[in-house]
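Participant: A structural model of the following input is requested.
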Amino acid sequence: MVFPFLKKEKKSKKEEEYEPDLEPTLQDLISPSAILLTPNYLKIDEKYFRGYFIYTYPRYLHPAWLAQMIFLPTNFDISLHIHPVSTALYLKKLLRKLTEVQAEILERQEKLKVRDPELETAQRDIEKLRDKLTVGEEKIFHIGIYLGLYASLEEELKNLENVVRSIFETKLIYLKKATFQQKEAFLSCLPVGLDKIYINEPLNTEALTTAFPFVSLDITSNEGILYGINSQNNSLILFDRFSLENANMVIFGTSGSGKSYFAKMEILRNMMLGVDFLIIDPENEYERLAQSIDGTFLNISLSSPHHLNPFDIPLPKEEETPEEVLRANIVNLVGLLRIMLGGLTPEEDALCDRALRETYAIKDITPESDPKTWPQKVPLMEDFVSVLESTEGAESLARKLKKFTEGSFANFFNNYTNVSLDNRLIVFGIRNMEENLRPIAIYIIMRYIWAKIREELKKRILVIDEAWWLMKNEDSASFLFGLVKRARKYWLGVTTITQDVEDFLKSDYGRSILTNSALTCLFKQKPVAIDVFQKAFALTEAEKNMLLETTVGEGLFFAGDNHTTISVVASYLEDQIITSSPAEIAKLKKKKYE
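Facilitator: As a prediction, the model looks like this:
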């Protein structure tokens, strides 16, 4: 349908010519509302800008001399304009300069004047540079370095100028204000490659490389996962932990500093690359993670239906004999009994060793028997107690162990193993285990995991959260150290997480675990422990203060001999899965039921 009254009226040519264009352009949208140009500064809206240029350099420039300026906690621009110069043309200038210097030296000699060290040094420098330019080792560039400072108040701009001048002048580098050239200085500082001031100094290649300001180490590679962002230069911390000398990692931090969040983020990202995970979780923090990605969560407690038999024995590998495997298993079991009984005397130690051998022998698990039949004949704790009862002098040990074979403890400690590690993510949650039994449960879980890891070579990572539970006892700490030390041979990486840093580092086993871990991540620390940290990791004062003041999810990341700052960043979906914040979890549950 046509509506004649809606038709545009035809305008005359004169009306079209003088009609203003009211459509805003991109330039209108991004332009400031006002710019005030003065000889000493620009005022752009409510911000003050002042431009500077470097006009004097010392004879020698130290590497990364701009780095201190880069780390200044304020907004500023640094622009480096590098103009290549013809080598042939510059060689002619150097020849002329060399002639002048030599002539002056000869004149002083003829007049019997005292030699001038500055002239002799200049002669040597010119000849050295000529030689390098001639053979192509060096090139000459004209470099202009311009600096733009920003502030909200003019007085603030003056104070900032004093700070910047002091930084440069300690290095014998001098700035000048671009008086009556503030507009040109502003344009030269923009990232558009315009050198409007063109106040340049000639520098050779070696001197020019020292102006590169980004000295913070980049820990990155072409493969692996994103661990975080380098908070000093915003580069990515990206690599594969299995490419290092070992795949072990230690994570230290106070409660709520982001330790578990970081560990869970790494789990999600590494699983996409085919890595399997086994997790010992004292607080059931990883339960939501397991449920979200179809992992297996095993609730380990006295009333749990999931059982692990401490007497399970691994099958010998090709390079091992049955006797070696049996002996190592008995040694580990004696260590478990020390934890269960609160220590053993040398006599009790010997009695337990003999009783364990007899317990296995009764089930026909001996060095002479076929190892393939061992899994079907594994004894239980009650079998061991029966042997102790019939052993002279071991009656008291049998009575102490009865509580693990009878009553409420028997459900966990006196049953055959009924769990498997078939899933790619297995979480052993022990929050519901009695506190005094947790070290025992963790030890049994670790023995079971280690036995299964030896059976099949596969890329895996074992995560032990709140590892200080194991460091309380020498036997469990020793077992953890042995596991960390041997993990590389079985394509295993061990992640050790703890908040009780002092006890961990005071232990000889704790320090050995740290030494055998190629990766370390340090989150926020308490003032009482920071001196121990500084000594252990050779931290600078700045790094020490950073660990005291840093926010959640930020810290220091060590990879081999290299380390840098890290800021942990997760995507929205990752955050929904791995968050441990009670407030966030409550929101998610509420959203789920709405």
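Participant: can I assume residue 493 is in contact with residue 460?
Facilitator: Yes: counting by Cβ atoms under 8 Å, residue 493 touches residue 460, with 7.4 Å between them. C-betas here are computed from N, CA, C, even on glycine.
Participant: quickly list what the nearest residue to residue 449 once chain neighbours are set aside is bridged to.
Facilitator: Nearest residue to residue 449, sequence neighbours excluded (Cβ to Cβ, 6 or more residues apart in numbering): residue 278, at 5.4 Å. Bridge pairing for residue 278 (DSSP bridges) gives the partners residue 426, residue 462.
Participant: contacts only, for residue 278.
Facilitator: Residues near residue 278 by Cβ atoms under 8 Å, 6 or more residues apart in numbering: 421, 426, 428, 449, 460, 461, 462, 463.
Participant: distance check, it against residue 456.
Facilitator: 13 Å (Cβ to Cβ, to the nearest Å).
Participant: now swap in residue 80 and tell me
Facilitator: From residue 80 across to residue 456, the span is 55 Å (Cβ to Cβ).
Participant: these two: which has the busier surroundings?
Facilitator: residue 80 (13 against 10; other Cβ atoms under 10 Å).
Participant: isn't that one up against residue 211?
Facilitator: Yes: in this structure residue 80 lies within contact range of residue 211 using Cβ under 8 Å: 6.3 Å.
Participant: what is in contact with those two at once?
Facilitator: Shared contacts of residue 80 and residue 211, defined by Cβ under 8 Å, 6+ apart, comprise 143, 145.
Participant: one step back: of the contacts of residue 278, buried ones?
Facilitator: Buried members of the contacts of residue 278, scored by 16 or more other Cβ atoms under 10 Å, are 421, 426, 428, 449, 460, 461, 462, 463.
Participant: closest one of those to residue 154?
Facilitator: residue 463 (55.1 Å; Cβ to Cβ).
Participant: wait, the closest one sits on residue 260?
Facilitator: No: at 9.3 Å, residue 463 does not count as touching residue 260 under the criterion of Cβ under 8 Å.
Participant: joint contacts of those two?
Facilitator: 286, 497.
Participant: list the helices and strands the lengthiest strand in the chain packs on?
Facilitator: Ranked by residue count and defined by DSSP state E, the top strand of the chain is strand 140-151. Applying 3 or more Cβ pairs under 8 Å, 6 or more residues apart in numbering; DSSP states H and E, we find strand 140-151 packed against strand 47-56, strand 76-84, helix 154-169, helix 182-189, strand 201-204, helix 205-209.
Participant: wait, which of those is closest to residue 528?
Facilitator: With Cβ to Cβ as the measure, helix 154-169 is the member of the helices and strands packed on strand 140-151 nearest residue 528 (33.6 Å).
Participant: give me the contact list for the helix or strand that comes right after the closest one.
Facilitator: Once the chain leaves helix 154-169, the next helix or strand it forms, by DSSP states H and E, is strand 174-177. Outside strand 174-177, the residues within contact range by Cβ under 8 Å, 6+ apart are 40, 50-56, 147, 161, 164-165, 168.
Participant: now with 7 Å?
Facilitator: Residues from elsewhere that reach strand 174-177 (Cβ atoms under 7 Å, 6 or more residues apart in numbering): 40, 50, 52, 53, 54, 55, 56, 147, 165, 168.
Participant: would a markdown table of these with distance to residue 539 be doable?
Facilitator: Output for the contacts of strand 174-177, formatted as a markdown table (distance: Cβ to Cβ, whole Å):
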| residue | distance to residue 539 |
| --- | --- |
| 40 | 42 |
| 50 | 36 |
| 52 | 34 |
| 53 | 37 |
| 54 | 33 |
| 55 | 38 |
| 56 | 36 |
| 147 | 31 |
| 165 | 30 |
| 168 | 28 |
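Participant: filter these to the buried ones?
Facilitator: When these are checked for burial by 16+ other Cβ under 10 Å, the buried set is 50, 52, 53, 54, 147, 168.
Participant: all helices of the stretch 1-150 of the chain, in order?
Facilitator: For the stretch 1-150 of the chain, the helices defined by DSSP state H, counting those that start in this stretch occupy 13-18, 26-30, 67-70, 87-110, 117-135.
Participant: go on, the stretch 351-500 of the chain?
Facilitator: Using DSSP H, counting those that start in this stretch, helices in the stretch 351-500 of the chain cover 381-389, 395-401, 410-413, 438-455, 468-471, 474-486.
Participant: can you tell me which of those has the worst average pLDDT?
Facilitator: Among the helices of the stretch 351-500 of the chain, helix 468-471 carries the lowest mean pLDDT, at a mean of 82.
Participant: what is that one packed up against?
Facilitator: helix 438-455, helix 474-486, helix 501-506 (3 or more Cβ pairs under 7 Å, 6 or more residues apart in numbering; DSSP states H and E).
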